[in-house]
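Asks: just the structure for this:
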Amino acid sequence: KHIATSFEAMGYKVLFFIEKNNLQYPSLLAQVKAHYEFNPHITINLNHFNNTYLHKKVCNIVWIQDPMASIMDKKSQVIVRPRDIIYSLAKPLDYYLEEKKVPFTRQNFAINRNIFKKYKKVKREKKIVFVGSSYLSNLNENTPTSLLDEILQMFKKGLNFDEDTVQRLALKYNQDFSYINTRVITFIIRDFSIIEICKIQTDYQVEIYGWGWERYSEVKPFYKGPLKYGPDIARVFNSAKYSLSPHSGSLIQQRVLESAACGCIPIVYDCKVMDSPPFYTKNLVFYKQLSSLKKILKKSPKRKLKKLVNKNSYTKFAKRIIKEVEEII
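Replies: Next up, the predicted model:
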């Protein structure tokens, strides 16, 4: 929707298609019908290629944001047209595209600057906030407790979760590499970071928003429930000095950019070994192990956010698409 709005602001005619009744699995027939009636020069798809029915002159943008079955299934074939442009959100997704021999370039998340900006009427307080869901549901019931314990101890020691380490864990516990990489480690980093920030004795207010946090007794006193996406989240970021972003796969998460655009300094888990530059080291506050969070709040570091915000807008992304389409045609 943000991409569509950006193109409209640039003067392009845009059709935004999504089925209201089932957002995850829109009907291909309804999609093709909408496509036929609108007759676009450029199509943009998230996570799906949707390219087998396209005219050869149509430029098709595919932005891979999640480990979908189409790229994870080793038996499935991915068809890439001469006028397909594929973007990968983060390095953990690159592995699947490389195995499929799909050409791609990096495209991080971006910001809608019309919504996520500084609100003059919102007072900024000495507060740290987190907006997002618990990843406990990422785990399947067969995940070994010993695997969870080992990863947690590694996190406490500040060790890297690079490709070799994940492969070693996969062999040791007879688990799928991608499951450990995109499910188990992400759970440990996120949920235990939130538990830790709620346990720290600090004069910062702590507010946790999202789904699933009521499961943890440590988090309950700080849990504020889910937020409606958009201005409600922006107002929360405007009210806080810091936002917490514990993610093991990529630094530039959606909430990182949106909080920065609201003048709220992101504290991010240092996963540079699993990401690719730029890392915005002068704009972000990094932590590598759980004990570092207390030290960060004690020091109250400052950061300039302008560069991070300006380089990651949806308008900039839309302009990139137009430039690359012009190069193709």
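Asks: burial count for Ile180?
Replies: Counted with other CB atoms under 10 Å, residues neighbouring Ile180 total 21. Placement of C-beta: from N, CA and C, glycine included.
Asks: and for Lys306?
Replies: Residues near Lys306, counting by other CB under 10 Å: 10.
Asks: over to Phe161?
Replies: For Phe161, the count of nearby residues is 24 (other CB under 10 Å).
Asks: show the contacting residues for it.
Replies: Each residue near Phe161 by CB atoms under 8 Å, 6 or more residues apart in numbering is listed here: 151, 154, 181, 185, 248, 271, 273-274.
Asks: drop anything exposed from the residues you listed.
Replies: Neighbour-count burial (16 or more other CB atoms under 10 Å) applied to those gives 151, 154, 181, 185, 248, 271, 274.
Asks: my guess is the fifth one contacts Ile185. True?
Replies: Yes. Taking contact to mean CB atoms under 8 Å, the distance of 4.7 Å between Ser248 and Ile185 places them in contact.
Asks: hey, where'd the strands end up in the stretch 101-250 of the chain?
Replies: Applying DSSP state E, counting those that start in this stretch to the stretch 101-250 of the chain gives strands spanning 105-106, 125-131, 205-209, 240-245.
Asks: run me through the strand neighbours of the longest one, direction for each.
Replies: Put plainly, it is strand 125-131. In the sheet, strand 125-131 lines up against strand 205-209 (parallel), strand 240-245 (parallel) (DSSP bridges).
Asks: just the first one next, same as before
Replies: Based on DSSP bridges, the pairing partners of strand 105-106 within the sheet are strand 84-88 (parallel).
Asks: okay, the buried ones among the contacts of Phe161 in TSV with distance to Lys224 next?
Replies: Listed next are the buried ones among the contacts of Phe161 as TSV, based on distance: CB to CB, whole Å:
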residue	distance to Lys224
Ile151	28
Met154	31
Asn181	31
Ile185	27
Ser248	25
Cys271	26
Met274	30
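Asks: of those residues, closest to Ser313?
Replies: Cys271 (23.2 Å; CB to CB).
Asks: and that closest one, what does it touch?
Replies: Taking CB under 8 Å, 6+ apart as the test, what Cys271 contacts is 161, 189, 247-251.
Asks: ok, Lys298 to Lys157 distance?
Replies: Lys298 is 21 Å from Lys157, where distance means CB to CB, to the nearest Å.
Asks: remind me which helix or strand the residue lying closest to His35 once chain neighbours are set aside belongs to.
Replies: Sequence neighbours aside, Thr43 is the residue nearest to His35 in space, at 7.1 Å (criterion: CB to CB, 6 or more residues apart in numbering). Using DSSP states H and E, Thr43 sits within strand 42-46.
Asks: strand partners (parallel or antiparallel) of that strand?
Replies: Here, using DSSP bridges, strand 42-46 pairs with strand 59-64 (parallel).
Asks: circling back to that earlier point, show me the buried ones among the contacts of Phe161 that map onto helices.
Replies: Under the assignment DSSP state H, those contribute 151, 154, 185 to helices.
Asks: tell me the pLDDT at the second one?
Replies: Just to be clear, that refers to Met154. Looking at Met154, its pLDDT stands at 97.
Asks: what residues are up against it?
Replies: Contacts for Met154 (CB under 8 Å, 6+ apart) come out as 161, 165.
Asks: quick one: the helices in the protein?
Replies: 2-9, 28-38, 69-72, 91-99, 145-157, 163-173, 177-179, 185-199, 231-238, 254-261, 292-299, 306-310, 314-328.
Asks: can I get these in JSON lines with distance to Phe279?
Replies: Supplementary listing: those in JSON lines, determined by distance: least, CB to CB, whole Å:
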{"stretch": "helix 2-9", "distance to Phe279": "24"}
{"stretch": "helix 28-38", "distance to Phe279": "37"}
{"stretch": "helix 69-72", "distance to Phe279": "25"}
{"stretch": "helix 91-99", "distance to Phe279": "12"}
{"stretch": "helix 145-157", "distance to Phe279": "20"}
{"stretch": "helix 163-173", "distance to Phe279": "18"}
{"stretch": "helix 177-179", "distance to Phe279": "24"}
{"stretch": "helix 185-199", "distance to Phe279": "17"}
{"stretch": "helix 231-238", "distance to Phe279": "21"}
{"stretch": "helix 254-261", "distance to Phe279": "12"}
{"stretch": "helix 292-299", "distance to Phe279": "17"}
{"stretch": "helix 306-310", "distance to Phe279": "10"}
{"stretch": "helix 314-328", "distance to Phe279": "18"}
